[in-house]
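> Model the structure of this input:
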Amino acid sequence: MFKIISDGGCDFTQAEIATHKIDVIPFYVSFDEEFLKIGKDITTDAFYQRLVSSKGVFPKTSQPNPQDYIDAYTPHLKAGYDLLVLTISSKLSGSYQSASIAADLLREEHPDREIILIDSLGGSIAQGLILREAIKMRDAGYTLGKTAQLTRKVQATTHVYFTLDTIEYLKRGGRIGQATAFVGNMLGLRPILHLVDGEIKQLDNVRGKKTILRMMQTALVEALADEKDNIQLSIGHISSEKDANGFKENTEGTLGIQIDNPICAVGAVIGAHAGPGALAVAYCKKYEAVEAALEVESEIVLEEEVA
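Numbering: from 1, shown residues only. Okay, the predicted model is just below:
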């Protein structure tokens, strides 16, 4: 048996953490000198209330440190469990590095135990989708090695697209220049962004939120029409639940599917730079579809070798 550990980039609620019997290592956030553990010392709602009210202060976020991972790993390793560890994209945070340092230290103390790390190359709902597939495999009785193999394959099929209600928080966080932010706000432009190999890239700038949501939905339906039975979808938002619910209902109706994953309130790690009003959609292939494709590939290779 093995245990699953994720950093807080997955944006699971405390109820989901308990239901799925996983460990989640929180990130830290600070509006002043004190760093608070996200989800433990400060809730998501409280974070966004402070984000909006603290006009002159931009919050700082910090990844879990190696000791945080050591503290999470150690009890399970002593109890005889192997570990599967999933982190937010290593290109967005140093969490994967902290997880790796801790794993290297503890492998020496527990040589009979296995610790496998996976870089999600995503965050929030994208990381959450990958985590959910790993949990399903664990619950189905898959071995650690098989789960890790398929989880990496699932990660490779994962895509996430998101839009922001304002670029003010990107400006406050130093992610774009003052002049760019001024022009964008004056023109009412909203970016369409996505993750490519773990890094944020811009697809387009669009005027008007309704227009941008229609564009995102049209693109999503076109991309998934032939794959709808083989994919998992997740929708996330920041203080924009009405938009998220509408996007979910329209997508379900157009694709003829039911999105089982709960709508996610995007947490402070991403939210500090995205700000209220953001909306995101992510999808990945189900592990069963990934496994079936691998079996077909193996059969083709075997036939070629026999021939």
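> And the pLDDT at residue 175?
Predicted confidence (pLDDT) for residue 175: 46.
> Residue numbering should commence at 500 henceforth.
All set: I'll call the first residue 500, so the last point we hit is now residue 674.
> quick one: the strands in the stretch 700-806 of the chain?
Using DSSP state E, counting those that start in this stretch, the strands of the stretch 700-806 of the chain run over 730-736, 763-764, 778-784.
> Quick one: list the elements packing against the second one.
Just to be clear, that refers to strand 763-764. Helices and strands touching strand 763-764, by 3 or more Cβ pairs under 8 Å, 6 or more residues apart in numbering; DSSP states H and E, are strand 730-736. All C-beta atoms are positioned from the backbone trio N, CA, C, and that covers glycine.
> circling back to that earlier point, of the strands of the stretch 700-806 of the chain, which approaches residue 599 most closely?
Proximity of these to residue 599 was assessed by Cβ to Cβ; the nearest stretch is strand 778-784, lying at 23.6 Å.
> Quick one: list the elements packing against that closest one.
In terms of contacts (3+ Cβ pairs under 8 Å, 6+ apart), strand 778-784 is packed against helix 624-638, helix 643-655, strand 658-662, helix 708-723, strand 730-736, helix 740-754.
> Buried residues in the fourth one, which are they?
Meaning helix 708-723. 708, 711, 712, 714, 715, 716, 719, 723 (16 or more other Cβ atoms under 10 Å).
> just the first one next, same as before
Applying a neighbour-count criterion of 16+ other Cβ under 10 Å, the buried positions in helix 624-638 are 624-637.
> domains of the protein?
501-655, 658-789 (automatic domain parsing).
> can you list these in a markdown table and add distance to residue 795?
Output for the domains of the chain, formatted as a markdown table (distance: least, Cβ to Cβ, whole Å):
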| stretch | distance to residue 795 |
| --- | --- |
| domain 501-655 | 13 |
| domain 658-789 | 11 |
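> tell me, which of those domains is the model least confident about?
domain 658-789 (a mean of 83).
> chain center to that one: distance?
12 Å (Cα atoms, centre = their mean, to the nearest Å).
> Please apply the same query to stretch 544-564.
The answer for stretch 544-564 is 19 Å, by Cα atoms, centre = their mean.
> All the helices of the protein, in order from the start?
513-519, 543-552, 565-577, 594-608, 624-638, 643-655, 667-671, 677-686, 708-723, 740-754, 767-773, 786-805 (DSSP state H).
> In the second one, which residues are buried?
Buried residues in helix 543-552, counted by 16+ other Cβ under 10 Å: 543, 546, 547, 550.
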